[in-house]
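Trainee: next come a sequence and a model predicted from it.
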Amino acid sequence: MRTIDTDVVVIGGGATGAGVVRDVAMRGYRAVLLERADLAQGTTGRYHGLLHSGGRYVVSDPRSATECAEENIILTRIHADAVETTGGLFVSTPGDDPEFPDRFLAGATASKVPAEEISVGQALRREPRLNPGIFRAIAVEDGSVDGWQMTWGTVNSAKAYGAQILPYHEVTGIERDGDQVRRVRAHDHKNGEDVTIDCTFVINCGGPWAGLIAGLAGCHDVEVVPGRGIMIAMNHRLVNTVVNRCIYPTDGDIIVPVHTVSIIGTTDVKASDADRLTIPADEVQEMLDSGEAMIPGFRQSRAVHAWAGARPLVKDTRVSATDTRHMSRGMSILDHHDRDGLKGLLTITGGKLTTYRLMAKNVVDEMCQQLGDTRPCRTAEEAVPKSESGKTYVVTHRLEDREADRMEEQIICECELMSRKMFLEEMRGRPSANLDDIRRVTRLGMGPCQGGFCSTRAAGLALHDGLIDVGRANGLLELFLKNRWIGLWPILYGAQVRQTALDQWIFSGTLDIEHLPEPEKAVL
Amino acid sequence: MPEPLEYPKAMLTRATLDACIKCTICETACPVSAVTPLFPGPKFVGPQAERFRDGESVDHSLDYCSSCGACTLACPQGVQIAELNSQARAVMKEDNMPLRDKLIGQTVLMGKVMTPFAPIANAALGNKLVRTVVEKTVGVHRDAPMPTARLHTFQGWMKKHQPPASPRTRGPVVFFSGCAGGYFEVETSIKTVEVLEHLGYEVIAPKQGCCGLAQQSNGLFDEATKSVLKLCDQLRSGGKDLTIVSASGSCAGMLKHEAHEIMGVDEEKLHDVGTRMREISEFLLELHAAGDLPTDFVRNDITVPYHAPCQLKSQGMGMPAITVMELIPGVKVIESGRACCGIAGTYGLKKEKYDIAQAVGQPLFDMVKEKNEGIAVCDTETCRWQIEKGSGVKTVHPIWLVHKAYGLS
């Protein structure tokens, strides 16, 4: 059993937890981040990739709109390498409320969200695939952001300030000494080891799991409702600008160009368990219909993957308990001293990815106040590692990189242009990683072939490099393909069927992967 | 944002990348990546790289694609790989078009300038020193095959030409010569007209310009679009609904599908001309299939190596020239079975690509050298110049054999 002594334990390795541990570390506290799986594997990695301009909330939630507009500028600066400044359009498609665009413009002015109406002709020239029947178009400053890259940038900054980042460490207990939090116990899944961390403060950033974590400290009835939303990635960039329907926020009204794909989202349905999110067929059809409304021919385009994420929505008595979309998107901080009589525990939840930094600042401000410290937040001023240049991401980056090293480097993932060197650098840095861990930082297997060609290469390379043994190579391969299939079943139609058929022939027919020897221990 | 490659035009091609299943069959068919590592291959620069483009082509190596189209032809899923590459190249070169590439697209100009001074022009093009200067200044390789200028143009011949006195039993057809057939391969054009007239057609050859193919393959889409649309007007002036016959297989392909598929030209006149266009062997085979082709051929005991050019294969009509030539008693055709001669229009002329083009063509040159009995046969002009230069074997259009077999030469 390992023991660690620290000041602050942050629970949850999504965007919020990463932001909190960075903020805490930058203010000079010793800090440890615990995450039960990989960083940004939960809600942060399961969204549509939108960096909000605030436009979406100018009518429904003006305060969130203003926060988004402000944070958009900050994130573009401090996370330049994860952000693409695509710009956004709000368009009225045939049949949409003709009054809404005027309310939108008024709301944008009131909430200080930059927005400018452009002509339909201008919008169509900018995005020629748009429905030619649109009748209003408003340009905003939406962007896209890679949630994994943003979170890794954040924790790398935290590490530089001395924080310890412990993924695959699941919290098993939060212990108190009288009315004061004193200790967190966790289990290290990768090494099968228990860890005890002595501390004076715990910040619960568990997102949709925050209620369960609070429960471990004996603070019950923290009601965070998982609002399930599904997303579908289309094979290529049907648009190069974020396209929103200019209507009161509803399902399937955004298409976001992220890296090489365009993502349509999303639904919003109350889920009972954030660990078991379904991707129902009717919601897939609903997304495709919505895509068709914005981009004629959307249904004929190739879908490559679908997934579901859970928003952490704080139950608000002002709306019906089943109407998750209209619960507050604002953040909530629960002070468990006031609420449950326990000192040294704060829970932060709600909010959205775009405002992660602000959420972190607010909760760390609260902690400082409780501890009687005056230490200002500096997270907005300093760029995270690899974003110092301020140069934002563009989709051509990897093609340019491969053009430069094409005579020396092999390409392992052809769809996403991941080189052998990129893969080995990641894998050597984290030899206990599984292929999904590597995928989240390199995009391995995220393109049209969905692992059909790259996964065997990756597993073989890790083995050849001496990082893993044969049993683990087999196990990693099986696990990776199994996980890819979760997102393939719901969208098995059209061109992707042919791909999966070919992949299936390769893996079942040629490689007989279903009869690989069982790994000695479960692969994680 | 680039104008020549507006997304609406490209949509039809870009959408086909969705059909790619990464099977790599195109890579095995590519004659360029087989001989040089400088070209990353059709799958890479086509459906893969296209996902990383946003109105910008940063991967300059795609310019090593020769646009031969072997990839598109081989793809079992229907991805228009070569077309994607041609479009991406046009975008890439838009701000940085070499003077050389602008010049070598000017095929009409070249013919107009050279014809009046044919002996001088030919001597100059045969002069090592001149060619070295041209290579250094313009970038056309000193050893690249060059056309031979003629003293008379096809149009000049046509004006003086008297059709046979026999009655025109089959009505009129329009003849499309192409620039090379107008200025350099004049004899092929003449033989084609004489065969058509022998069959009883009235041949109409309206004044005609360039189809824009060389400009298109060099990424000059604006200029090429203007050229092809002007040509459509000219060919349409020959008569409504008439069949248009061409002995220039690649130019026929430009009108049949490339102008639409690669440049997105979507005008009715192109559709009209494109659907009426027949390559001469295709035309003769259609007649034969209908029982309307006289086969009173003079025997010719010869084995000929035949190479079907890439731009003929991409028209999806098989290899009609083989069937037509083998209607002649004694003619035995050996199909080359090689992917490409390497020249790919103007690709093999360029100094940085000359060696690649020669390496691509080498298996074909070897085959021609081994199998020929004095001549080789190929349907398009630049390919014939390349094969002739590479193999040392006189290379002619299939119509030459037909012309001879009808006793016309």
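Mentor: It's in. Values in this document were obtained by computation on a predicted structure and should not be read as measured data. Numbering: from 1, shown residues only, chains lettered A, B, ... in the order given.
Trainee: can you get me the start-to-end distance on stretch B:16-26?
Mentor: 14 Å (C-alpha to C-alpha, to the nearest Å).
Trainee: is any residue of it near chain A?
Mentor: Yes. Against chain A, stretch B:16-26 shows contacts by C-beta under 8 Å from any C-beta of the partner chain at B:L17, B:D18, B:A19, B:C20, B:I21, B:K22, B:C23. The way it works is simple: take the backbone N, C-alpha and C, and place the C-beta from them, glycine included.
Trainee: any idea how far that stretch is from the chain center?
Mentor: The chain centroid and the centroid of stretch B:16-26 are separated by 26 Å under C-alpha atoms, centre = their mean, to the nearest Å.
Trainee: now that stretch: average pLDDT?
Mentor: Average pLDDT, stretch B:16-26: 96.
Trainee: got the CA positions of stretch B:319-334 in PDB?
Mentor: C-alpha atoms of stretch B:319-334 as PDB (Å, rounded to 0.1, in the frame of the first residue of the first chain):
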ATOM      1  CA  MET B 319     -10.400  -1.500 -75.900                       C
ATOM      2  CA  PRO B 320     -12.400  -1.200 -79.200                       C
ATOM      3  CA  ALA B 321      -9.200  -0.700 -81.200                       C
ATOM      4  CA  ILE B 322      -8.100  -4.300 -80.600                       C
ATOM      5  CA  THR B 323     -11.400  -5.800 -82.000                       C
ATOM      6  CA  VAL B 324     -11.400  -3.400 -85.000                       C
ATOM      7  CA  MET B 325      -7.700  -4.100 -85.900                       C
ATOM      8  CA  GLU B 326      -8.200  -7.800 -85.600                       C
ATOM      9  CA  LEU B 327     -11.100  -7.600 -88.200                       C
ATOM     10  CA  ILE B 328      -8.200  -7.200 -90.700                       C
ATOM     11  CA  PRO B 329      -7.100 -10.600 -91.900                       C
ATOM     12  CA  GLY B 330      -3.600 -11.400 -90.700                       C
ATOM     13  CA  VAL B 331      -3.400  -8.700 -88.000                       C
ATOM     14  CA  LYS B 332      -2.600 -10.100 -84.600                       C
ATOM     15  CA  VAL B 333      -2.700  -7.600 -81.700                       C
ATOM     16  CA  ILE B 334      -0.800  -8.100 -78.500                       C
END
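Trainee: off-centre distance for it?
Mentor: For stretch B:319-334, the distance to the chain centre is 21 Å (C-alpha atoms, centre = their mean).
Trainee: now swap in stretch B:129-139 and tell me
Mentor: With C-alpha atoms, centre = their mean, you get 25 Å for stretch B:129-139.
Trainee: swap in stretch A:51-58?
Mentor: Averaging C-alpha positions (C-alpha atoms, centre = their mean) puts stretch A:51-58 17 Å from its chain's average.
Trainee: now it: buried residues?
Mentor: By 16 or more other C-beta atoms under 10 Å in any protein chain shown, the buried positions in stretch A:51-58 come out as A:L51, A:H52, A:S53, A:G54, A:G55, A:R56, A:Y57, A:V58.
Trainee: same check, this time on stretch B:111-127
Mentor: Residues of stretch B:111-127 classed as buried by neighbour count (16+ other C-beta under 10 Å): B:G111, B:M114, B:T115, B:A118, B:A121, B:N122, B:A124, B:L125.
Trainee: same thing with stretch A:291-302?
Mentor: Neighbour counts over stretch A:291-302 (16+ other C-beta under 10 Å) mark A:G291, A:E292, A:A293, A:M294, A:I295, A:F298, A:S301, A:R302 as buried.
Trainee: the residues you listed: which two are farthest apart?
Mentor: Pairwise distances among the buried residues of stretch A:291-302 were taken by C-beta to C-beta; the largest, 18.8 Å, belongs to A:A293 and A:R302.
Trainee: return the member of the buried residues of stretch A:291-302 nearest to chain B.
Mentor: Taking C-beta to the nearest C-beta as the measure, chain B lies nearest A:R302 of those, at 3.8 Å.
Trainee: could you pull up the residues touching that closest one?
Mentor: The contact partners of A:R302, taken as C-beta atoms under 8 Å, 6 or more residues apart in numbering or on different chains, are A:M234, A:N235, A:H236, A:P448, A:G494, A:A495, A:Q496, B:D18, B:A19.
Trainee: domain ranges for the chain, per the record?
Mentor: No chain specified, so I'll use chain A. Chain A resolves into domains spanning A:80-142+A:225-312, A:397-515 when parsed by automatic domain parsing.
Trainee: chain B was what I was after
Mentor: Following the assignment in automatic domain parsing, chain B carries domains at B:7-93, B:294-405.
Trainee: Serialize the contacts of A:R302 to JSON lines and add fields for secondary structure and distance to B:T243.
Mentor: Output for those, formatted as JSON lines (DSSP: H, G, I helix; E, B strand; the rest coil; distance: C-beta to C-beta, whole Å):
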{"residue": "A:M234", "secondary structure": "strand", "distance to B:T243": "44"}
{"residue": "A:N235", "secondary structure": "coil", "distance to B:T243": "42"}
{"residue": "A:H236", "secondary structure": "coil", "distance to B:T243": "41"}
{"residue": "A:P448", "secondary structure": "coil", "distance to B:T243": "43"}
{"residue": "A:G494", "secondary structure": "coil", "distance to B:T243": "39"}
{"residue": "A:A495", "secondary structure": "helix", "distance to B:T243": "38"}
{"residue": "A:Q496", "secondary structure": "helix", "distance to B:T243": "44"}
{"residue": "B:D18", "secondary structure": "helix", "distance to B:T243": "37"}
{"residue": "B:A19", "secondary structure": "helix", "distance to B:T243": "34"}
